[in-house]
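Trainee: fold the following for me, if possible:
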Amino acid sequence: MVQAGRVACITAPFLLSIAALVTLVLVFIAGTMEENRTTGDLYFVKIDLTNLTLSASSNIAPDADATTLSTLGNALEAAKQTLGMDDHYTVYLRNYCSWNADEDAYSDCISPKAYFWFNPIKVWGLDRAALPVEDYLPGSFRNGLDAYHSGSKAMFVLYAAALASTCFSILVGITAIFSRWGSFFTTFFATVAWVAYAAATIVATAMFAILKGVIDNELEDDYGVETRLGTRALATSWIGTAFAVGAGFFWFLSVCCCSGRSPYNKNHERGRGKTRAEKTPYTYERVGSPYMGPSAGQSVPLGAYGGAQPQQTGSAYEPFRSRV
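Mentor: So this is what the prediction gives:
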């Protein structure tokens, strides 16, 4: 039988697990719906090429750094004019969206895929330029992209693990209504969920900060490329992590407390029985009064103990008559 106290005990962690699942779903579907601002605004990084300046290559002294800037500037100019580079790019967990200034926001989004990472060299078409751009890129730019590329794989795995374990914790959490064993297994999945979610959020914050730093350091001052972190996506992920941690904590408490059994039930091992006071030896039990009638099946027989004496008539009582 489901105990009301047991249901009340697991309500809080159950709702927190559902809240964590909602935030995870938002992170996964972000950027998958074109021209949808609700999911489109949940980007991790936004790159603005509206103020892209391509005149840097014409006013550079002939040295090594100038050669790098000139080559990169020529590649950016070619990409902007002939290869269809857009004005805005937003990066998500599984894809990216792009659009021009005269188009609706998030009008062109690629299909989502696992282990996605935003490679500006390929996305902007710099690898198709006449000059080998990658050979002229600074080492810090390449190292930053490599670090972001490696971290993006771990980030996706952690988010996927958090999503799967959160779903399992909600499904298994239904069994926690009936016993603390259900809470035990639910606590296991909830613990995996919050650990994976927290790790994914930390990695995402670090990796997209690296991507932003790489683009800012190499392209902002010389070419006017602006980037900014998506505070909504990061806030959603951090809030979801807090929900997951809270769910794991309260699921753990439901294992230690809220058994749902009455302390007066002496047959709880078999799951049935009612509270019953057992009689102990040498206790007083009331005996019914013979004058008040039988009580609770107890009575004293009132039968005669001998034959009735014949009634004497015709003579008075003479105490000394037998001695005469």
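
Trainee: report the mean per-residue pLDDT for stretch 18-34.
Mentor: For stretch 18-34, mean pLDDT is 95.

Trainee: name the next helix or strand downstream of the host helix or strand of A196, please.
Mentor: Counting by DSSP states H and E, the secondary-structure element that holds A196 is helix 180-215. Beyond helix 180-215 in the direction of the C-terminus, DSSP H and E gives the next helix or strand as helix 221-223.

Trainee: for that following helix, name the packing helices and strands.
Mentor: Judged by 3 or more CB pairs under 8 Å, 6 or more residues apart in numbering; DSSP states H and E, the packing partners of helix 221-223 are helix 64-81. The way it works is simple: take the backbone N, C-alpha and C, and place the C-beta from them, glycine included.

Trainee: what about the helix it packs on, average pLDDT?
Mentor: When pLDDT is averaged along helix 64-81, the result is 64.

Trainee: swap in stretch 248-266?
Mentor: Per-residue confidence for stretch 248-266 averages out to 68 on the pLDDT scale.

Trainee: for stretch 153-166, buried residues please.
Mentor: For stretch 153-166, the buried set under the neighbour-count rule, 16 or more other CB atoms under 10 Å, comprises M155, F156, V157, L158, Y159, A160, A161, A162, L163, S165, T166.

Trainee: show me what contacts G84?
Mentor: With contacts taken as CB atoms under 8 Å, 6 or more residues apart in numbering, G84 has the following neighbours: G125.

Trainee: that older thread, show me which positions of the helix holding A196 end up buried.
Mentor: For helix 180-215, the neighbour count (16+ other CB under 10 Å) marks 180, 182-183, 185-201, 203-205, 207-208, 210-212, 214-215 as buried.

Trainee: one more: stretch 15-32?
Mentor: Those buried within stretch 15-32 under the rule 16+ other CB under 10 Å are 16-17, 19-21, 23-24, 26-32.

Trainee: where does the prediction get shaky in the stretch 1-150 of the chain?
Mentor: For the stretch 1-150 of the chain, the stretches with pLDDT under 70 are 1-6, 54-71, 82-83, 129-136.

Trainee: can I get stretch 161-168 in PDB, CA atoms only?
Mentor: Output for stretch 161-168, consisting of C-alpha atoms alone and laid out as PDB, is shown next (Å, rounded to 0.1, in the frame of the first residue of the first chain):
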ATOM      1  CA  ALA A 161      25.200  11.000 -20.200                       C
ATOM      2  CA  ALA A 162      23.400  13.600 -18.000                       C
ATOM      3  CA  LEU A 163      20.300  13.400 -20.300                       C
ATOM      4  CA  ALA A 164      20.200   9.600 -20.200                       C
ATOM      5  CA  SER A 165      20.800   9.300 -16.500                       C
ATOM      6  CA  THR A 166      18.200  12.000 -15.700                       C
ATOM      7  CA  CYS A 167      15.600  10.100 -17.700                       C
ATOM      8  CA  PHE A 168      16.500   6.900 -15.900                       C
END
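
Trainee: could you list the residues in contact with it?
Mentor: Among residues not part of stretch 161-168, those counted as contacts by CB under 8 Å, 6+ apart are 17, 20-21, 24-25, 28, 189-190, 192-194, 196-197, 200, 244.

Trainee: could you do stretch 245-255 as well?
Mentor: Stretch 245-255 is touched from outside by 9-10, 12-14, 16-17, 20, 169, 173, 176, 180, 183-184, 186-187, 190-191, 193-194, 198, with contacts defined as CB under 8 Å, 6+ apart.

Trainee: residue contacts, E220?
Mentor: Applying CB under 8 Å, 6+ apart, one finds that E220 lies in contact with E226, T227.

Trainee: let me know the pLDDT of it.
Mentor: Looking at E220, its pLDDT reads 84.

Trainee: do the same with the one 3 residues further on
Mentor: Confidence at Y223, expressed as pLDDT, is 81.

Trainee: I'd like the distance between it and V91.
Mentor: When distances are taken as CB to CB, to the nearest Å, Y223 and V91 turn out to be 19 Å apart.

Trainee: among the two, which residue is more densely surrounded?
Mentor: V91 (25 against 21; other CB atoms under 10 Å).

Trainee: shouldn't the more buried one be in contact with M207?
Mentor: No - with the criterion set as CB atoms under 8 Å, V91 and M207 do not qualify as a contacting pair; they are 10.4 Å apart.
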